[in-house]
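> have a look; sequence and predicted model below, questions after that.
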Amino acid sequence: MFDFLEGYDLWEAFWTTVQLTVLSAVGSLIWGTMLAAMRVGPVPLMRGFGTAYVNIVRNIPLTVIILFASLGLNQTLGISLGSDQVDTTNFRLAVLGLIVYTSAFVCEALRSGINTVPVGQAEAARAIGLNFTQVLTLIVLPQAFRSVVGPLANVLIALTKNTTVAAAIGVAEAALLMKEMIENEAQLIAISAVFAFGFVCLTLPTGLILGWVSKKVAVKR
Amino acid sequence: MSSVLYDAQGPRAKRRNVVFSVVFLAALAAVLWWVYTMLDEKGQLEWVLWKPFFTGTEAWSTYLWPGLQNTLKAAALSMVIALPLGAVLGIARLSEHAWVRVPAGAVVEFFRAIPVLVLMIFGLALFSEYTNVNADDRPLYAVVTGLVLYNSSVLAEIVRAGILSLPRGQAEAALAVGLRKNQVMRFILLPQAVTAMLPAIVSQLVVIVKDTALGGAVLTFPDLMAAVSPMSAYYGANTIASFTIVAVIYIVINFALTSFASWLEGRLRRGKKSTGAVLGVDAVDELSAPGDHVDVTHEVEKGP
């Protein structure tokens, strides 16, 4: 029944999807946190930069960003991200594009988490004499982290699904293999079902587990 | 200015801010200078490459406008088809009968878990194999199919959350005056829910517009995204210029939609006539992921 799978490395394709997801998630968490720090900080110039970055990047399609990474950065400007092999370069460019795009959403998730902490919490903390570091590490951030799990989980799921856009620049991940298999094999419904199942396996458990965690740790207000 | 993170600033903090600003500005300028020299080195800043977009209308009438039309057409069609489907699915998820509720829930969770691109690729193969749709029209059909399948699930969750956001008294009062269950839904809940979820629907339109670009890149759908390659080939490899213009068009459209959604949200929140239930712009991000439901909170109605 599944003999149409022969000759195709399904694991390799989904493994590439997972690699894209994990690398981009780590990168966008770092860059997104820095952006969020700028956006909630007291320096007007940095706040302006953070706001501008988020508003611009969020409104560009991810496809445009990733294709620009390939056609613009790589082929026009000759940036190859330290690799002379086409496949590796494309993979790295896709990760770069995903980080640029996803970090805007990470930034917004973190900012909304900080905004859920009532100002009174910090005011009360200052009133009993805690200094800035103490207010931040003992009062504000513990509450902010707990309310940020849910939004971040959604960003992670969206990122997992967005890695398929890398197919547009020829990264050999699941969607590209699906396209190739559909072109060569006859069993359209079966092939689609296999890939749909693969993505459900990746995203649904993430959503359910992290959704449960976020409800568990959320601060009741 | 004071926030939860920091207090109103004194003279020392203000001096520190100035130092931070200067350092940040220097770093930013260095990055911009680096970008500028690189672009200049490759000759991408030559006026010849940018001229087609600013003088004459050829680039706009040949490449950008037809592409933009296709993008907007696909987005509008998807929204118009997905909205009623989403409403049906969303109401079905609220049904008292398990045989309606459970399958609707399964469909919604399934399509929210799958990437749009996978649905589009499936749609393209489906139309070329089982229908006699003209080969030129197939990409449009495929893009709309993919977007409808995914977005009707997201809209179903928006509708569901919109109905749940209404105060319980609305349904109770309607039942008490003797309306039937479907009358309560049609005359009382749905009209109010539609108002409450308007901002969320407009925000979802931004997601749809962005996703149509996938069709241009992977399915040979002649949209705004797909206009980049022929355009940069025709005007002498002005890749950077073409991408910049296309990105700016996307930004303008989506920024307008986002601003409109925020304006609607603010208007609805301030409005006196409604119950105060609003499904905000931020709800969209939460509802697009499988296994997640928005926690609806009722706003306290403020008296005059």
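Nice, I can see it.

> so what's B:Leu236 up against?
Not quite, residue B:236 is Gly, not Leu. B:Val48, B:Leu49 (C-beta atoms under 8 Å, 6 or more residues apart in numbering or on different chains). Quick note: C-beta positions are derived from backbone N, CA and C, even for glycine.

> now it, what are its backbone angles?
With angles defined as degrees, to the nearest 10, B:Gly236 sits at phi 80, psi 60.

> so which bits of stretch A:212-221 are buried?
The neighbour-count check on stretch A:212-221 (16 or more other C-beta atoms under 10 Å in any protein chain shown) flags A:Ser214, A:Ala218 as buried.

> CA atoms only: put that stretch into PDB for me.
C-alpha atoms of stretch A:212-221 as PDB (Å, rounded to 0.1, in the frame of the first residue of the first chain):
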ATOM      1  CA  TRP A 212      -1.400  22.700  28.700                       C
ATOM      2  CA  VAL A 213       1.900  24.100  30.200                       C
ATOM      3  CA  SER A 214       0.800  27.600  29.500                       C
ATOM      4  CA  LYS A 215      -2.500  27.100  31.400                       C
ATOM      5  CA  LYS A 216      -0.700  25.400  34.200                       C
ATOM      6  CA  VAL A 217       1.800  28.200  34.800                       C
ATOM      7  CA  ALA A 218      -0.400  31.200  33.800                       C
ATOM      8  CA  VAL A 219      -0.900  33.800  36.500                       C
ATOM      9  CA  LYS A 220      -4.600  34.000  37.400                       C
ATOM     10  CA  ARG A 221      -5.800  37.600  37.500                       C
END
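
> got the contact list for that stretch?
In contact with stretch A:212-221 (C-beta under 8 Å, 6+ apart) are residues A:Thr116, A:Pro118, A:Gln143, A:Arg146, A:Ser147, A:Val149, A:Gly150, A:Ala153.

> number of nearby residues for the second one?
Here the neighbour count serves as a burial measure; for A:Pro118 (other C-beta atoms under 10 Å in any protein chain shown) it reads 12.

> how much space between it and A:Val135?
Per C-beta to C-beta, to the nearest Å, A:Pro118 is found 13 Å from A:Val135.

> and if you look at the first one?
A:Thr116 is 16 Å from A:Val135, where distance means C-beta to C-beta.

> counting neighbours, go ahead and name the busier of the two.
Per other C-beta under 10 Å, whichever of A:Thr116 and A:Val135 has more neighbours is A:Val135, with 21 against 16.

> show me where the chain has helices.
In the absence of a named chain, chain A is used. All helices of chain A, identified by DSSP state H, fall at A:10-40, A:44-58, A:62-67, A:86-115, A:119-127, A:132-134, A:141-162, A:174-184, A:188-217.

> meant chain B, my bad for not saying
Using DSSP H, helices in chain B cover B:11-41, B:47-54, B:58-59, B:65-93, B:98-113, B:116-130, B:138-164, B:168-176, B:181-183, B:190-218, B:228-234, B:239-270, B:283-287.

> residue in chain A nearest to chain B?
A:Gly207 (3.0 Å; C-beta to the nearest C-beta).

> for that residue, report the pLDDT, please.
With respect to pLDDT, A:Gly207 has a value of 85.

> A:Arg111 versus that one, what's the distance?
Distance from A:Gly207 to A:Arg111, by C-beta to C-beta: 22 Å.

> correct me if wrong: A:Leu81 contacts A:Gly97.
No. Using C-beta atoms under 8 Å, A:Leu81 makes no contact with A:Gly97, being 11.3 Å away.

> who has more neighbours out of those two?
A:Gly97 (26 against 15).

> so what's B:Ser78 up against?
Contacts of B:Ser78 (C-beta under 8 Å, 6+ apart): B:Val143, B:Val144, B:Leu147, B:Val148, B:Asn151, B:Ile208, B:Thr212.

> can you tell me, leaving aside adjacent residues, what's nearest to the fifth one?
The shortest distance from B:Asn151 to any residue that is not its chain neighbour, by C-beta to C-beta, 6 or more residues apart in numbering or on different chains, is 4.2 Å, and that residue is B:Ala82.

> list of residues touching the lowest-mean-pLDDT helix or strand in chain A?
Of all helical and strand segments in chain A, the minimum by mean pLDDT, DSSP states H and E falls on helix A:132-134, at a mean of 82. For helix A:132-134, the external contacting residues (C-beta under 8 Å, 6+ apart) are A:Ala125, B:Tyr6.

> residues near the residue lying closest to A:Ile139 once chain neighbours are set aside, how many?
Excluding the flanking residues, the one nearest A:Ile139 by C-beta to C-beta, 6+ apart is A:Ala125, at 4.4 Å. By the measure other C-beta under 10 Å, the count of residues near A:Ala125 is 19.

> swap in A:Leu130?
Neighbours around A:Leu130, by other C-beta under 10 Å: 16.

> that one contacts A:Val140, doesn't it?
No. Using C-beta under 8 Å, A:Leu130 is not in contact with A:Val140, being 10.5 Å away.

> ok, the residue nearest to B:Phe20 when sequence neighbours are not counted - contacts?
Distances taken as C-beta to C-beta, 6+ apart place A:Val43 nearest to B:Phe20, at 4.7 Å, with adjacent residues excluded. Contacts for A:Val43 were tallied using C-beta under 8 Å, 6+ apart; they are B:Asn17, B:Phe20, B:Ser21, B:Phe24.

> 6 Å instead, please
Residues near A:Val43 by C-beta atoms under 6 Å, 6 or more residues apart in numbering or on different chains: B:Asn17, B:Phe20, B:Ser21.

> buried members of those into PyMOL, please.
Buried members of these, defined by 16+ other C-beta under 10 Å, are picked up in PyMOL with:
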select buried, chain B and resi 17+20
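
> dump stretch B:123-143 to CSV, restricted to CA.
Extracted in CSV, the C-alpha atoms of stretch B:123-143 (Å, rounded to 0.1, in the frame of the first residue of the first chain):
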residue,chain,number,x,y,z
GLY,B,123,-4.9,21.7,-4.5
LEU,B,124,-2.8,22.3,-7.7
ALA,B,125,-2.4,18.5,-8.2
LEU,B,126,-6.1,17.9,-7.5
PHE,B,127,-7.2,20.4,-10.1
SER,B,128,-4.9,19.1,-12.8
GLU,B,129,-5.8,15.5,-12.1
TYR,B,130,-9.5,15.4,-11.5
THR,B,131,-10.9,18.5,-13.1
ASN,B,132,-10.7,20.1,-16.5
VAL,B,133,-9.9,23.6,-15.2
ASN,B,134,-7.8,25.5,-17.8
ALA,B,135,-4.1,25.1,-17.1
ASP,B,136,-3.7,28.9,-16.8
ASP,B,137,-6.4,29.2,-14.1
ARG,B,138,-5.1,26.2,-12.1
PRO,B,139,-2.6,28.2,-9.9
LEU,B,140,-5.4,30.7,-8.9
TYR,B,141,-7.7,27.8,-8.1
ALA,B,142,-4.9,26.1,-6.1
VAL,B,143,-4.0,29.2,-4.2
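
> related to what we said a few turns ago, list the contacts of the residue nearest to B:Asn151.
Contacts of B:Ala82 by C-beta under 6 Å, 6+ apart are B:Val148, B:Asn151, B:Ser152, B:Leu155.

> understood, closing this out.
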